[in-house]
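Enquirer: Attaching a predicted model along with its sequence, questions to come.
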Amino acid sequence: MVLAGFMFFNSQAQERPVITVDEIIAKSAASDTTFIILDVRTPEELKGPLGKIDGVINIPLQELEARLPELKPYKGKEIAVICRSGNRSRYATDILNKKGFDARNVPGGMIEYRKSLQK
């Protein structure tokens with residue numbers, strides 16, 4: 001029983017902030033100005049088959065820490081961080097939150113975004 005309690009507590013402590021694809025679609029449709037979308041894929045990927053979301057800010061994960069000053073104007077906003085599948089954006093979300101931003105990972109990334117638009 002103690003082990004189960006530890007595992008529950010440990011999993012809660014490692015929980016990361018997320019925002020769903022449906023939530024970002026709704027916020028975008030409502031022209032919500034309290035949030036932005038940060039795409040951490042490479043510029044080449046934005047031209048690929050998954051495309052990009054209109055109005056996103058693109059800073060590849062490998063450049064994120066060096067380019068953090070570019071995001072300073074958005075420090076008071078919610079930042080939805082997206083990539084192809086949700087892996088790179090999870091790392092980017094951690095970096096941003098440690099620097100005082102309100103960042104949320106988009107699980108499933110652009111793959112999930114495109115699937116959601118086809119429903």
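Expert: Perfect, thanks for sending it. Just so it is clear, the structure is predicted and the values come from calculations on it, not from any experiment.
Enquirer: Report the next helix or strand after the worst-scoring helix or strand of the chain on mean pLDDT in sequence order.
Expert: Every helix and strand of the chain was ranked by mean pLDDT, DSSP states H and E. The lowest is helix 2-13, at a mean of 42. Following helix 2-13 in sequence order, the next helix or strand is helix 21-29 (DSSP states H and E).
Enquirer: So which bits of that following helix are buried?
Expert: 21, 23-24, 27-28 (16 or more other C-beta atoms under 10 Å). For glycine as for every other residue, the C-beta is placed from the backbone atoms N, C-alpha and C.
Enquirer: Distance to residue 84 for those - can I get that in JSON lines?
Expert: Below are the buried residues of helix 21-29 laid out as JSON lines (distance: C-beta to C-beta, whole Å):
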{"residue": "21", "distance to residue 84": "13"}
{"residue": "23", "distance to residue 84": "19"}
{"residue": "24", "distance to residue 84": "15"}
{"residue": "27", "distance to residue 84": "21"}
{"residue": "28", "distance to residue 84": "19"}
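Enquirer: Out of those residues, the closest to residue 75 would be?
Expert: Minimum distance to residue 75 across the buried residues of helix 21-29 is 18.0 Å, recorded for residue 27 (C-beta to C-beta).
Enquirer: May I have the phi/psi pair for the nearest residue to that closest one once chain neighbours are set aside?
Expert: Distances taken as C-beta to C-beta, 6 or more residues apart in numbering put residue 35 closest to residue 27, at 5.4 Å, once the chain neighbours are dropped. Recorded main-chain torsions at residue 35 are phi -140, psi 160, according to degrees, to the nearest 10.
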